[in-house]
Every structure is written in structure tokens, then in C-alpha cells.
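> any chance you could fold what I've pasted below:
(chains A and B, ligands or ions: 1)
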Amino acid sequence: MYRYDQYDQQIVDARVEEFRDQVKRRIAGHMTEDQFKPLRLKNGLYLQLHAYMLRIAIPYGTLNPAQVRMLAHVARTYDRGYAHFTTRQNMQFHWIKLEQVPDILADFAKVQLHAIQTSGESIRNISADQYAGAAADEIADPRPWAELLRQVTTFHPEFSYLPRKFKFAFTAAPGDRAAIRWHDVGLRLVRNDAGEDGFEVYAGGGMGRTPFIAELIRAFCPADRLFSYCQAILRVWNRHARRDNIHKQRMKILVHDLGVEEFTRQVEEEFAHIATLGNDPPRAEFDRIAAYFAPPPFETGLSDEIDRSDPDFALWVDRQTAAHKAPGYAIANISLKAIGGIGGDITADQMDVVADLAERYSFGETRVTHAQNVVLPHVRKADLYAVWQALVAAGLADVNLDLVTDIIACPGLDYCSLANARSIPVAQKIARRFADLERQQDLGELKIKISGCINACGHHHAGHIGILGVDRKGTENYQLLLGGSGAEDTTLAKITGPGFDEDGVVDAVEKAIETYRGLRTDGERFLDTYRRVGMEPFKEAIYG
Amino acid sequence: MADALRFRTDTPADEPAVSLDSFLDQDDSASVRIEAGDDVRRLLPVLDRVRLVEVDFPRFRDGRGYSSARILRESGYTGEIKATGDVLVDELLFMRRCGFDSFAPDAPLDPDTVERLLTIYPHVYQHAADDAVPVWKLRHG
Ligand code: SF4
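Numbers count the residues shown, from 1 in each chain, chains lettered A, B, ... in the order given. Below is the predicted model of the structure:
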């Protein structure tokens, strides 16, 4: 994992002091709330329904044990003993006092964590494939590039007052676990015939009220030119985006309005200029960063056998582990989707357990996934049983990765001041209805995603089944969507028809799922059946 | 308008800045005003007769002016670039880095806060229009 050197540390420490200064000026009344708001947002501090919420960046979703323990410490000391992993692989604390924020940030700085650019109109935390560095299907670990880009886009003077938020995502695998085409810019590391690394660049994706899937604007951007190319994109957008309507300022709208060809032409023109300025860090800097991401010292000669004599353990292994590039190792997924719980929530004590397990069994690495689960990326197969037993003891051994109860739900009306409807209770009701593991296994991969309003933080557009909370004459109402995907076969979900109340939408989900069961052919997932037969049979079952 | 904050030693241009269109029309003027939506690249062919560019910030959240300033500096312009309008003290460092070297904000800035905030960061991560050296260069010489 990357480690700060003295420069990184001094910059983060300076940010803590700058924010301390800003909070002081705000509390002293030298700044209006209007003036303070964008400053606190650039540092991840939101004012929610009941309290301040603080969002901590977890670059490309990677954490070491000291960091996990510090997250636990802050949850215990300044919050209510738990916290929440988000769909951007970040962590949020929902019950924070303004005057304590500078001290919290100072604590985080000690373990090389910060809240820089985790909200506001800025370049947000860069996300990546949660299996990076471990996945059997990747060409290389994309995180060194993500870290390089993180650094050069931190406090970028030209791009700190952008038209809206801006999100990068990285992958290096053909299978897309990072939903790259739902980002403003999605980057896939590829290798050309000459053996050189570069990126496929996708631009103009995003959810929200006007969802767009990012389009390929460059098939091969030489890796050493990545920063210049990204600056070209950002500059075209910063200069030409609308500034008169907050709902039309995301880059996806500009790409759509100009057309992808014209947008690309402008980016290429700007790139031709910027690439001459000498802004790109040299290869030596990439090599310096990449050294921190060198593969851990995997043991060789390990057996791939797993003792499956405990049936509960066997169920967990089959569902929660994934193929690792090193023989004898597995990627272990820890579910944060306990039936009836709040997806993504984790207690301080559970965080400590995760930190211990990472230290003992996973070369000190933990990952956060955009589906709000946690990963131990490098576990010896022989250790899986011990890991599982510890997870059982901590209440973290649920078996539901990518199944119907592995639901993404945004905070919704329980926390969020923008919400139309609650998301968490809907997720809980669906999870309870499908709690039976055999039924879940039978249904196979099925991704339900729930947003409490059109801002789509719960990614409903990308759900095999999506649910969107709307306000209908002052009451909470839910629209149902089908057919979305955030994987390499990215698609946008479509609305089925008129909305439902809370119980109605749970029933409608069940009807859609039963329709799938009736129509599926061997091996077909819900999404495959929907794509094959279309919306009609589902509509009939739901509304007929 | 409060007193201008200036980081240059030459004599300020004393004539009022004119709009980009007028500036391009009349060749005796040396001061031009760039609105947030203006395409600053239209100035590039006539840069040698510009002494002052005022870049207006209609709202502090409108960041187009940062790109305008950088494009001017990247094109070799060494004259004055003044930020006017809704310019807040917490933005000054970014503006300085983008090439602004004078400020005439709508509301006055507290000089102590300016001083503190302009020097708060010991290092930067990237090249810009100032002479700050990015950390990757410090790391590799
Ligand atoms: S989708 Fe809407 S309700 Fe849910 S967290 Fe985002 S803004 Fe809030």
C-alpha cells in the first residue's frame, strides 16, 4: 500500500490547520454559512437532517489496519460507535459536531487519512476495482496510477471550483467491478501490442436525474500522459459547461450537448497543447509509487484444497470468496448486509476485528467495495476457516455477495435532507422477505439498488432491479426500474410504470423476481432473462 | 470596490478595462475585461498589446476564470491578471497559482488572513502558473 512521505504528510497536516482556521472564522462569524458551505464541502463536511456528516476519503478503497482502527476510534470517540461505508468506497460519520472536526481530522492525519475533496464541486476520491492487485483477471494493479492521479489532482488550482462534482474510476480487468462507465471519467488500464501501458478513456457517465453511460473517447492514452489527458478533459468541461443550472452542470450533460465526437475533438485539441507543458510526472515517480504496491510476499507451493467439512463454512466459501492470482490464496468478501441491518454500517468493534484479521491473514490489507462490503484481498486458503470463525463471532459472516439481499441503499430520508423517501426500511423489508438462503442461492446474482431521490446515490439506474423514492403529493412513493447494470455490460435501468407505496414496492419486487423464475432458462441470471424477454412479461405480472 | 491587492512592482495600467469585443475592435486599448463566459483564446493573437487583463468572477463558485488565467500564462502572457468580483480569501492561493497577480474583490480581504492562507501549504502536487515546484520534482530532482 502507498505510504505518505514527508511531502504528503505536510500537505495533509496543512489542510487540517487550514480547516481549523476556517472553522474558527465561521464560528466567530467572519464568514457567512453561504461562504463556509463550499469550504466545508471541499473537506467532506455536510449538514444533514440531524447533525453534521463527515466523509473520509479512502483512496481506491484500500485501508491498512492502523487506518481501520482509527476509523473505529473516531466512531467510538466522536460518533455513536459505528460508521458507514459508502458507494464511493469512503466512510461517513453521521453524528459529528462542527467544533470537533479539526481534531478528528488531526487524528486521521496521523494515519494518513483525510477528507480532502470528498464532496463539493471538486475532483472526488478516486475509486477502483476492489480486487486490484489480487484479481486473477487483471493485467496489472491499477492503483499506482490511481495514486499518481490522486496526488496531482489534489488541490489542483485550476480545477477546485468546477461546475459540479467530478469522479474518476479505475480498473485493469475486462470484468468491470468499479462501474467505470458510470463515472465522469472511467479508465481501464490496457497494454498495447508493443507491451506499453495505456488507458481506455471513457467520458461523460453519471447517474443523477439525467443518467448517461460514459462513451469511449480514446482507445489508448499512453499511461505517462494520463495527467495531461485528464487535465484536457477537465479544462474543456470547466470552460464550457453551463453554469446557470445546477442540474445541467455535470460533465455528462456537456458531452451529450456537444455530442461525443465534438467533445472528443475539443479534448484532443486541448491535449495537444497541454501535453507540451511538461506537467506529467516522470516515469520515476510512477515507479516510486508502484513500489509501494508491489505484490506481498505470497508463499509458494500452497495447496488449493479447502476443507469443506463444515457445511456453513462451505456455503460461505462458495459465495464470499473469489479467485486470486496467486495459487493457494483467495479473495475473501465480508458482507456488511446483515438481514435487517443497514447496508454499509459497521460498528467500531467490528472494524477492530477486520483490522486484526487483515493484519493476521491478509498482509495488512483491507478493501472497501462500491457495493458497501469489505474485502480481505489476500487470504491463504488454509486460513479461510479461521477467518470465517472470527467473522461468525463478530456477526460479519453473512452469505449474500451479489445476491438479492446484497442491496445498495442510500441513506435516504432517515438521514439525508434531500430525500423524498426512505431507502433503508425498503431495503430491510426486501431483505427480510428473501432472507431464506436457499431461495437467494436459487435466484443467483441479482443486484437491487435503492435511492431515496433522483440524485441516485443508491445507483438505482444501475440495478438489475432499481428502486427510486419520489414524492407524490407529499407522500413517499417508489418507482420500480429493471435492467440496469454497472458491470462491463453497462446498461441503464428502465421504469416499469406507476409507482408504489413502501409495501407495494416490496410486493412488486417479488412479482418481478417470480416472473424471472418462471421464464428463466438454465443458468440465466435475472438480468439475462430480462434482456431476452424484455419488459412486457414483468409489467404484466406487476400491474396485470 | 476595495483597495486592490497587488503582487507586482510595475506601475498599474491606469485606463479602464474594456470588454473583449471592444478590445478586439479598437487597437489603442491596453486593458481588457474577460467575463466568465468569454473565450480568452480570442485574445491570444493580440497578446503583445495587452497590459492588464481583468477576469471577472460573477459568483465565487464560478471557476471559469481559473482556466482563463492559466491559458493566458501558458501562452506566454506576463502582464497583469486581476481577479475582480466575488473573490474570497480562501480562493486566493488557487488564483495565485493560476497566474493572477492582483485582486480587486467586491468585499475587502483581511490582510492577515490573506498572508496566512497564501503561505499555509508548504508544498504542491502539480505545476501551475507560479514557480512552486511540484513534490514529484522535489522527490526526483
Ligand atoms: S439519493 Fe437522494 S436521498 Fe439518497 S442520499 Fe442521495 S441525495 Fe440523499
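> can you list the weak-confidence ranges in the stretch 51-200 of chain A?
Within the stretch 51-200 of chain A, no stretch has pLDDT under 70.
> show me where it has its helices.
A:65-78, A:101-110, A:143-152 (DSSP state H, counting those that start in this stretch).
> how about residue B:60: what's its closest non-neighbour residue?
residue B:86 (4.4 Å; Cβ to Cβ, 6 or more residues apart in numbering or on different chains). Quick note: C-beta positions are derived from backbone N, CA and C, even for glycine.
> am I right that the one you found is in contact with residue B:106?
Yes - Residue B:86 sits in contact with residue B:106 when judged by Cβ atoms under 8 Å, with a separation of 5.9 Å.
> show me which of those two is the more surrounded one.
residue B:86 (17 against 13; other Cβ atoms under 10 Å in any protein chain shown).
> contacting residues for that one?
B:57, B:58, B:59, B:60, B:105, B:106 (Cβ atoms under 8 Å, 6 or more residues apart in numbering or on different chains).
> confidence score at the fifth one?
According to the per-residue confidence, residue B:105 scores 96 in pLDDT.
> residue A:58 reaches residue A:125, doesn't it?
Yes - under the criterion of Cβ under 8 Å, residue A:58 makes contact with residue A:125 at 6.9 Å.
> secondary structure class for residue A:233?
Under DSSP: H, G, I helix; E, B strand; the rest coil, the three-state class of residue A:233 is helix.
> measure it to chain B for me?
Separation of residue A:233 from chain B (Cβ to the nearest Cβ, to the nearest Å): 12 Å.
> quick check: beta-bridge partners of residue A:114?
residue A:57 (DSSP bridges).
> do you know how far it is from residue A:318?
38 Å (Cβ to Cβ, to the nearest Å).
> do the same with residue B:40
Residue B:40 is 60 Å from residue A:318, by Cβ to Cβ.
> so which of the two has more stuff around it?
Under the criterion of other Cβ under 10 Å, the comparison of residue B:40 against residue A:318 puts residue B:40 first, with 22 against 13.
> send me the lengthiest helix in chain B as CSV with only the CA atoms.
Across chain B, the longest stretch assigned as helix under DSSP state H is helix B:64-74. Provided in CSV are the C-alpha atoms of helix B:64-74 (Å, rounded to 0.1, in the frame of the first residue of the first chain):
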residue,chain,number,x,y,z
ARG,B,64,-14.1,29.5,-15.4
GLY,B,65,-11.7,32.4,-14.6
TYR,B,66,-9.1,30.0,-13.3
SER,B,67,-8.8,28.4,-16.7
SER,B,68,-8.8,31.8,-18.4
ALA,B,69,-5.8,32.9,-16.3
ARG,B,70,-3.9,29.7,-16.9
ILE,B,71,-4.4,29.8,-20.7
LEU,B,72,-3.0,33.3,-20.7
ARG,B,73,0.1,32.3,-18.8
GLU,B,74,0.6,29.2,-20.8
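> what comes into contact with that helix?
With Cβ under 8 Å, 6+ apart, helix B:64-74 has contacts from A:157-161, A:235, A:238-239, A:243, A:273, A:277, B:34, B:36-38, B:40-41, B:43-44, B:47, B:53, B:55-57, B:81, B:83, B:94-95, B:98-100, B:128-129.
> tell me which residues in it are buried?
Buried positions in helix B:64-74, judged by neighbour count with 16 or more other Cβ atoms under 10 Å in any protein chain shown: B:64, B:65, B:66, B:67, B:68, B:69, B:70, B:71, B:72, B:73.
> what sits against the closest residue to chain B within chain A?
Chain A approaches chain B most closely through residue A:161 (2.9 Å), counting by Cβ to the nearest Cβ. Applying Cβ under 8 Å, 6+ apart to residue A:161 gives the contacts A:38, A:121, B:60, B:61, B:62, B:63, B:66, B:91, B:94.
> what's the most distant pair in those?
Spatial extent of the contacts of residue A:161 (Cβ to Cβ) is set by the pair A:38 and B:66 at 14.2 Å.
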